[in-house]
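Peer 1: I would like to see how this sequence folds:
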Amino acid sequence: MVPLRRPGQWVSAAVVLVLLALAVRTLFTNPRFQWPVVWRYFTTAPVLNGLVLTLWLTAAVMICGYVLGAVLAVMRLSRNPVLRLVSFGYVWLIRSVPPLVQLLFWYELASLYPELSLGIPFGPTFVTVKTAHLFTGLLAAFVGLTLDVAAFSSEIIRGGILSVERGQLEAAQALGIGPLRIFRRIVLPQAMPAIVPATGNMLIAMLKATSIVSVIAVQDLLYSVQLIYNQNFLIIPLLLVATIWYILLTTVLSIGQYYVERFYSRGRRGHRRLWTITRVNLPLFRQLPGIS
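Peer 2: As a prediction, the model looks like this:
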């Protein structure tokens, strides 16, 4: 059978390769990138400190956001109409407000509530804290991003739970298995393949989204390089420092996501190794043995 000729594909591929070659060439020949400056600042203490804060903020926000998101998902799936309404209203409100606006709101909370009190509702108070001293930039970033992650993660978790067939739950209940064991042995293993890919995407998106905390002077990776180039005016090289670190981190997270997905999809058809997926997505390697 004679394969169908597609000259348009070859022409478009040639154009793309030429553009790619030009992009690579300018990276190495344009002296304004100042690569020696990039490598000089790549592992300096201020940059590494900002990197550590970015990683810490991402991990803390994702863990606390998913714990709160799981609670919201359970509330949304409960039979109590009040809990369902509260969960729905929370998700609707938070998803409607941009994360940057939320950060600014929490950062300026002292303007709205100068003091926060703990006590009996409509009764005496036991503890009063001034919010001007409580909500620093870092705490405002943590609270704002956590609440934002909770809204989105609750929908991811709820979708994963709903993907499990109802008949399996009814069969387990008929066998007398307890609710916690049903969730741990039946619901969770089947829901995780649907939850993990979306969670991995959210984790990578959150790693990059932490850069918005620079607007409230939290010294993350981006704000650290901004402080440096505000002194020496080497803007492009220092932005490249932050860019390369973000690329490295997202690559590591993507590889980790692959192995987590493989763990929860073991035994299913269509599973492929990381090297096989890489070769399939790189056309130049498709002719290697083992790729169909």
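
Peer 1: so who does residue 226 touch?
Peer 2: Contacts for residue 226 (Cβ atoms under 8 Å, 6 or more residues apart in numbering) come out as 214, 238. Where you see a C-beta, it was placed from the backbone N, CA and C, and this is true even at glycine.

Peer 1: now do the phi/psi pair for it.
Peer 2: Dihedral angles of residue 226 (phi, psi; degrees, to the nearest 10) stand at phi -60, psi -40.

Peer 1: do residue 115 as well
Peer 2: phi -140, psi 150.

Peer 1: packing partners of the helix or strand harbouring residue 236?
Peer 2: Using DSSP states H and E, residue 236 maps to helix 235-264. Applying 3 or more Cβ pairs under 8 Å, 6 or more residues apart in numbering; DSSP states H and E, we find helix 235-264 packed against helix 35-41, helix 45-77, helix 188-209, helix 221-232, helix 274-281.

Peer 1: got the contact list for stretch 231-245?
Peer 2: Outside stretch 231-245, the residues that reach it (Cβ under 8 Å, 6+ apart) are 32-35, 37-38, 41-42, 47, 51, 211, 221-222, 225-226, 228-229.

Peer 1: okay if I get the helices and strands packed on helix 235-264 as a markdown table plus mean pLDDT and distance to residue 264?
Peer 2: Below are these laid out as a markdown table (pLDDT from 0 to 100; distance: least, Cβ to Cβ, whole Å):
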| stretch | mean pLDDT | distance to residue 264 |
| --- | --- | --- |
| helix 35-41 | 93 | 38 |
| helix 45-77 | 94 | 16 |
| helix 188-209 | 88 | 4 |
| helix 221-232 | 92 | 30 |
| helix 274-281 | 57 | 15 |
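
Peer 1: turn the ones you listed into JSON lines, including distance to residue 99.
Peer 2: Putting these into JSON lines (distance: least, Cβ to Cβ, whole Å) gives the following:
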{"stretch": "helix 35-41", "distance to residue 99": "28"}
{"stretch": "helix 45-77", "distance to residue 99": "11"}
{"stretch": "helix 188-209", "distance to residue 99": "6"}
{"stretch": "helix 221-232", "distance to residue 99": "15"}
{"stretch": "helix 274-281", "distance to residue 99": "31"}
